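Colleague: show me the folded form of this:
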Amino acid sequence: MHEGKSGGRRLRILTWHVHGNYLYSLTRVPHEFIVPVRPGNPPGYGSLGDRIPWGANVREVAADRVRDETLDCVVYQSRQAFERDRLELLTPEQQALPCAYIEHDPPQPHPTDTAHWFRHDRGLLVHVTHYNGLMWDAGDMPTRVVEHGIVPAVDVAYQGDLARGIVVINHLKRRGRRMGADIFEAARERVALDLIGMDAEALGGLGEVPNMDVARVMARYRFYFTPIRYTSLGLSLVEAMMTGLPVVGVAATELPGVIRNGENGYVDTRPERLVDCMRQLLAEPELARRWGEAGRQTALERFGIERFVSDWLDVFSTLTGARA
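Modeller: Residues are numbered from 1 along each chain as shown. Model (predicted):
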């Protein structure tokens, strides 16, 4: 560890490039982050690139040189990294360091009886939603929930002039029913919907949009629609709320605890009700604007980056005793 400008201890934290937008928020925490990379950018080891404005506290290191780094803490973000890669990349001393495991998803295949694999004498299992924490069987591992934090897009505000809905899901066709591919396709026959995300073209969508441009693209649409049956609370959904889009979606996992029907959006388990609501928003742009503004206030209060950074500072303080 070394002293930060405020006199606190800045930690050197190893983590992986798994979800670019999440990593962008995590690295707003005032510690140093070291990210392993491999030639060819395989999953979990891709170059940071220039599509996201990374801070000076983030740097890449060749994966086979991680053992040469002086580290204070490790943050795992995938089962492969914890169960296999750490044994290949880290020294025994590094493997024994205080660590956290960020679980980005609810349990699969069984929603209630799936045991989590993370076990570490100096570890903390961190969930990104309270629903996920409720459903995973963590055994005797200590757990904590740190809800998402979003950096608001600069100079982006809701317009809603495009009388269509926007859906943001990566690889929707391949991921199928769990992500609501059938619900999306059925709704699209009755309501004007566009799909963006990786391989969106496979379902007639518009394709992938660069990370930092997603909010600007979404802002023109009348509403955000999520057909997902079972996954974690999406960062794009929070980003949509932060931008001022009203959210319409399947009432599943964490979402019913975020959306209040008729106030900041609408959720339901009946697809026909969702279609009716989307049609209403297309016909009543001022209603969409009111719901969207209420959703923006919800997002600013609940998913602000300052709260997120504070929560993670507390996690790292708990693990290591150091506060930036």
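
Colleague: isn't Asp199 up against Lys173?
Modeller: Yes: at 6.8 Å, Asp199 counts as touching Lys173 under the criterion of C-beta atoms under 8 Å. C-beta here means a position set from N, CA and C on the backbone, and glycine is covered the same way.

Colleague: tell me the domain ranges of this protein?
Modeller: Structural domains assigned to the chain are 2-149+304-320, 162-302, following automatic domain parsing.

Colleague: for Asp155, which of those domains is the nearest?
Modeller: Proximity of the domains of the chain to Asp155 was assessed by C-beta to C-beta; the nearest stretch is domain 162-302, lying at 8.6 Å.

Colleague: mind checking how far the closest one is from the chain centre?
Modeller: Per C-alpha atoms, centre = their mean, to the nearest Å, the displacement of domain 162-302 from the mean C-alpha position of its chain is 15 Å.

Colleague: for that domain, what is the average pLDDT?
Modeller: Taken as a whole, domain 162-302 has a mean pLDDT of 98.

Colleague: what of stretch 82-97?
Modeller: Mean pLDDT, taken over the full extent of stretch 82-97, equals 98.

Colleague: buried ones in that stretch, by neighbour count?
Modeller: Along stretch 82-97, these residues count as buried under the neighbour rule (16 or more other C-beta atoms under 10 Å): 82, 85-86, 89-90, 94, 97.

Colleague: span of that stretch from start to end?
Modeller: Stretch 82-97 has its terminal residues 13 Å apart, counting by C-alpha to C-alpha, to the nearest Å.

Colleague: hang on, the earlier thing: which two of the buried residues of stretch 82-97 have the greatest separation?
Modeller: By the measure C-beta to C-beta, the buried residues of stretch 82-97 have their two most distant members at Asp85 and Leu97, which lie 14.8 Å apart.

Colleague: distance to Val156 for the domains of the chain - can I get that in TSV?
Modeller: Formatted as TSV, those follow (distance: least, C-beta to C-beta, whole Å):
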stretch	distance to Val156
domain 2-149+304-320	15
domain 162-302	5
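
Colleague: packing partners of the helix of greatest length in the chain?
Modeller: The residue-count maximum for a helix in the chain (DSSP state H) belongs to helix 285-302. Taking 3 or more C-beta pairs under 8 Å, 6 or more residues apart in numbering; DSSP states H and E as the contact definition, the neighbouring helices and strands of helix 285-302 are strand 221-226, helix 235-243, strand 265-268, helix 271-283.

Colleague: run the angle between it and strand 221-226 for me.
Modeller: Computed with axes from the mean of the first three to the mean of the last three C-alpha atoms, to 10 degrees, the direction of helix 285-302 lies at 60 degrees from that of strand 221-226.

Colleague: out of the domains of the chain, deepest packed?
Modeller: When neighbours are counted by mean count of other C-beta atoms under 10 Å, the highest per-stretch mean among those falls to domain 162-302, a mean of 19.

Colleague: I'd say Ile13 and Asp72 touch.
Modeller: Yes: here Ile13 lies in contact with Asp72, judged by C-beta under 8 Å, at a distance of 6.7 Å.

Colleague: now do Pro256 against Val58, distance only.
Modeller: For Pro256, the distance to Val58 equals 35 Å [C-beta to C-beta, to the nearest Å].

Colleague: check His171 too.
Modeller: Separation of His171 from Val58 (C-beta to C-beta) stands at 26 Å.

Colleague: likewise Arg296?
Modeller: Applying C-beta to C-beta, one obtains 28 Å for the distance of Arg296 from Val58.

Colleague: again, but for Cys277
Modeller: Here Cys277 is placed at a distance of 41 Å from Val58 (C-beta to C-beta).

Colleague: per-residue pLDDT, Arg9?
Modeller: The predicted local confidence for Arg9 comes out at a pLDDT of 80.

Colleague: revised request: answer the last question for Gly321.
Modeller: For Gly321, pLDDT reads 86.

Colleague: with Ser6 instead?
Modeller: The per-residue confidence score, pLDDT, reads 38 for Ser6.

Colleague: switch to numbering from 3
Modeller: With 3 as the first residue, the last one maps to Ser8.

Colleague: and Gly162, what is it in contact with?
Modeller: Contact partners of Gly162, counting by C-beta atoms under 8 Å, 6 or more residues apart in numbering, are 221-225, 247, 287, 290-291, 294.

Colleague: go on, Arg88?
Modeller: Neighbouring residues of Arg88 by C-beta under 8 Å, 6+ apart: 76, 78, 96-97.

Colleague: please consider this matter closed, and thank you.
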